[in-house]
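Colleague: coordinates only, no sequence provided:
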């Protein structure tokens, strides 16, 4: 786990990397006609912009002392990388139709869910005619059926959507998915494991869930993974870059970005699971009962 100086140095390098990226990368608008023929261009334009904004939000969180929460941005970036890496190689028409059905299904599913929660009276107050809502419910069923057919044709089985694990295997990123899935699911959903690994203290004493070093490690982990995922996403969607309205300046600002990337890479990797969680240090077990080789004791996580 890096000390505060190391964390500050990483933050400064990420800020310089982001500043150079903003100068060298242009995320432009799209033409309606281009999107109508290939929705991958819209997907790429959106995910690149979203990931960049998530990186900038992470910097804000770190500076405010809440950088450990930025781990929640890792899972969306991972899923986006996996999907674009897979779908970029599908035939254009097949990819477009799949994304079209997925987008339409998400839209009507949300509308049907809102109706179920709010009721027809409220929905009509929000300008939704009952006939439109009924049609959306039917469309949801139809689209789900179409997506299941696509699943059989494309190989993910009899379900509307493939699992992220399935997509990861198709792109050769299975180990990355397994690692970051374990890293991020606990940050997005209720997890007793996450609650326990946030609890630090000595048996018989107090237990705290705000150990600064642990939070710093989580911040560093987010600032390590998010730029890597962003860079990998840019590489994965390179064949779609022009259609997606992405441009790179290759002169002075491009050189600045390359230098910033090299400096950030040299900052080193950050593991999700730190040895202190297992009561381990460079010289062996830590804590007041380390001589007894009891890994469940000491200044450690309650996991």
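Modeller: That came through, no problem. Fair warning: this is a prediction, and the values are worked out from it, not measured in the lab.
Colleague: please name every helix or strand in contact with the biggest helix by length in the chain.
Modeller: Ranked by number of residues, the top helix in the chain under DSSP state H is helix 92-118. Contacts defined by 3 or more CB pairs under 8 Å, 6 or more residues apart in numbering; DSSP states H and E place helix 92-118 against helix 40-63, helix 74-87, helix 130-154. To be clear about C-beta, it is placed using only N, CA and C from the backbone, and glycine gets the same treatment.
Colleague: nearest approach to residue 216 belongs to which of those?
Modeller: Minimum separation from residue 216 across those (CB to CB) falls at helix 40-63, 9.3 Å.
Colleague: show me what counts as buried in the closest one.
Modeller: By neighbour count on 16 or more other CB atoms under 10 Å, the buried set for helix 40-63 is 40-45, 47-48, 51-52, 54-55, 58-59, 61-62.
Colleague: same check on stretch 14-26?
Modeller: 14-18, 20-21, 24-25.
Colleague: export the residues you listed to TSV and tack on pLDDT and distance to residue 177?
Modeller: Below are the buried residues of stretch 14-26 laid out as TSV (pLDDT from 0 to 100; distance: CB to CB, whole Å):
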residue	pLDDT	distance to residue 177
14	97	24
15	97	29
16	96	30
17	96	25
18	96	26
20	93	29
21	93	25
24	91	29
25	93	26
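Colleague: do a quick rundown of the helices in the stretch 151-300 of the chain.
Modeller: All helices of the stretch 151-300 of the chain, identified by DSSP state H, counting those that start in this stretch, fall at 164-170, 174-188, 192-197, 212-236, 252-266.
Colleague: single out the most deeply packed of those helices.
Modeller: Each of the helices of the stretch 151-300 of the chain was scored by mean neighbour count; the highest is helix 212-236, a mean of 21, by mean count of other CB atoms under 10 Å.
Colleague: tilt between it and helix 252-266?
Modeller: 130 degrees (axes from the mean of the first three to the mean of the last three CA atoms, to 10 degrees).
Colleague: what is helix 212-236 packed up against?
Modeller: helix 4-24, helix 40-63, helix 74-87, helix 174-188.
Colleague: now find how far off-centre it is within its chain.
Modeller: 10 Å (CA atoms, centre = their mean, to the nearest Å).
Colleague: just stretch 79-86 next, same as before
Modeller: The chain centre lies 11 Å from the centre of stretch 79-86; the measure is CA atoms, centre = their mean.
Colleague: who's in contact with that stretch?
Modeller: Here stretch 79-86 makes contact (CB atoms under 8 Å, 6 or more residues apart in numbering) with 40, 43-44, 47, 50-51, 164, 167-168, 170-171, 173, 177, 229, 232-233, 236-237, 240.
Colleague: if you set the cut-off to 6 Å instead, what comes out?
Modeller: Under the contact criterion CB atoms under 6 Å, 6 or more residues apart in numbering, stretch 79-86 has outside partners 47, 164, 167-168, 170-171, 229, 232-233, 236-237.
Colleague: which of the buried residues of stretch 14-26 sits closest to residue 279?
Modeller: Checking the buried residues of stretch 14-26 against residue 279 with CB to CB, the nearest one is residue 14 at 30.4 Å.
Colleague: relative to residue 180, how far out is the closest residue to the closest one other than its chain neighbours?
Modeller: Setting aside the residues directly before and after it, residue 14 is nearest to residue 223 in space (CB to CB, 6 or more residues apart in numbering), at 5.0 Å. Applying CB to CB, to the nearest Å, the value for residue 223 to residue 180 is 15 Å.
Colleague: in contact with residue 160, which residues?
Modeller: By CB under 6 Å, 6+ apart, the contact list for residue 160 reads 144, 147-148.
Colleague: now, of the residues you listed, which are buried?
Modeller: Buried by 16+ other CB under 10 Å: 144, 147-148, out of those.
Colleague: between the residues you listed, which is nearest residue 7?
Modeller: Of all these, residue 147 has the smallest distance to residue 7: 43.7 Å, by CB to CB.
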